[in-house]
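K.L.:
pasting the sequence and the predicted model now:
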Amino acid sequence: MSATFFQDVYEVVKLIPKGRVTSYGAIAHYLGSKLSARMVGWAMNAAHTLKEVPAHRVVNRKGVLTGKHHFDTPTTMQHLLEEEGVTIVDDQIQCFEDVFWDPAQELL
DNA sequence: ATGGTGACGTCGG
DNA sequence: GCCGACGCCACCA
């Protein structure tokens, strides 16, 4: 089914529950630790064009909205997360551990 | 087939 | 504790 790495990333990102977030490294590790988190970010680049893929729920390992600049507007990502109940200050997710969603842990 | 790119992550000094 | 550099692997031209 995994025609491409992109497709796999889409599936995982689409599984992220509302109000939760995950990191590029977590997805990369879930797909295979042999892969690099960079590829996940690259996949997100194409994923964010798909409204079905909540790319705004994917942040870096620090909980910082590094990819917000890639959205239609730099405030879109933060706004979407805040709408889901995620508190963000200075592009940094507060209580990151509380909203963190690890696919390898939830999907197991 | 090759080279360059990319929204990260980890290690070392 | 903070900052810099490298590595990683798939997609596109």
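P.N.:
That came through fine. Residues are numbered from 1 along each chain as shown, chains lettered A, B, ... in the order given.
K.L.:
where along chain A do the helices fall?
P.N.:
Secondary structure of chain A (DSSP state H): helices at A:5-14, A:24-32, A:37-47, A:76-83, A:96-99, A:103-106.
K.L.:
and for the last one, what's in contact with it?
P.N.:
By CB atoms under 8 Å, 6 or more residues apart in numbering, the list of residues contacting helix A:103-106 from outside reads A:Val12, A:Leu15, A:Thr22, A:Ala26, A:Ile27, A:His29, A:Tyr30. Where you see a C-beta, it was placed from the backbone N, CA and C, and this is true even at glycine.
K.L.:
any chance of the helices of chain A in TSV, plus mean pLDDT?
P.N.:
Shown next, in TSV, are the helices of chain A (pLDDT from 0 to 100):
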stretch	mean pLDDT
helix A:5-14	92
helix A:24-32	90
helix A:37-47	91
helix A:76-83	95
helix A:96-99	93
helix A:103-106	84
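K.L.:
drop anything exposed from the contacts of helix A:103-106.
P.N.:
The neighbour-count test (16 or more other CB atoms under 10 Å) marks A:Val12, A:Thr22, A:Ala26, A:Ile27, A:His29, A:Tyr30 as buried among those.
K.L.:
surely the second one meets A:Val58?
P.N.:
Yes - under the contact definition of CB atoms under 8 Å, A:Thr22 touches A:Val58, with a separation of 5.9 Å.
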